[in-house]
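Participant: need the 3D shape of this:
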Amino acid sequence: MSATTSPQIHLVADGGELLDVFDVVTLTEHSLRIRTGWRFEVGEELTLRITSGGAITDVRARVARHTRAGDDVVTAIDLLEQQPVKTVITG
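Facilitator: Here you go, the predicted model:
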């Protein structure tokens, strides 16, 4: 994953439903910073689905911390383990 791409990131809910609840601030190979109306607990583990450049990857992730600046809250998430789901080959 590259910080220069614009991936789509969804929360994978129980039953496999994909929820579009994130406004991505930054994404690196090992971490994600988001804004969201949802309030996750620090230490909570999530499954995320990241789609970027034709690759679909499920990622086990853990909420690391919340940072507040006025009314703005940014949540930092550590990306722990990645599992490729599918690669779409175009062309």
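
Participant: identify the bridge partners of the closest residue to Ser6 other than its chain neighbours.
Facilitator: Leaving aside its sequence neighbours, Ser6 sits nearest to Ser52 (C-beta to C-beta, 6 or more residues apart in numbering; 7.8 Å). Quick note: C-beta positions are derived from backbone N, CA and C, even for glycine. Beta-bridge pairing of Ser52 under DSSP bridges involves Ala55.

Participant: Ser52 and Arg68: what is the separation?
Facilitator: The spacing between Ser52 and Arg68, counted by C-beta to C-beta, to the nearest Å, is 29 Å.

Participant: so how many other residues sit close to Ile34?
Facilitator: Using other C-beta atoms under 10 Å, Ile34 has 22 other residues around it.

Participant: for Asp14, phi and psi?
Facilitator: Asp14 adopts backbone torsions of phi -50, psi 140, taken as degrees, to the nearest 10.

Participant: who's more crowded, Ser52 and Arg68?
Facilitator: Between Ser52 and Arg68, Ser52 has the larger neighbour count (other C-beta under 10 Å), namely 15 against 8.
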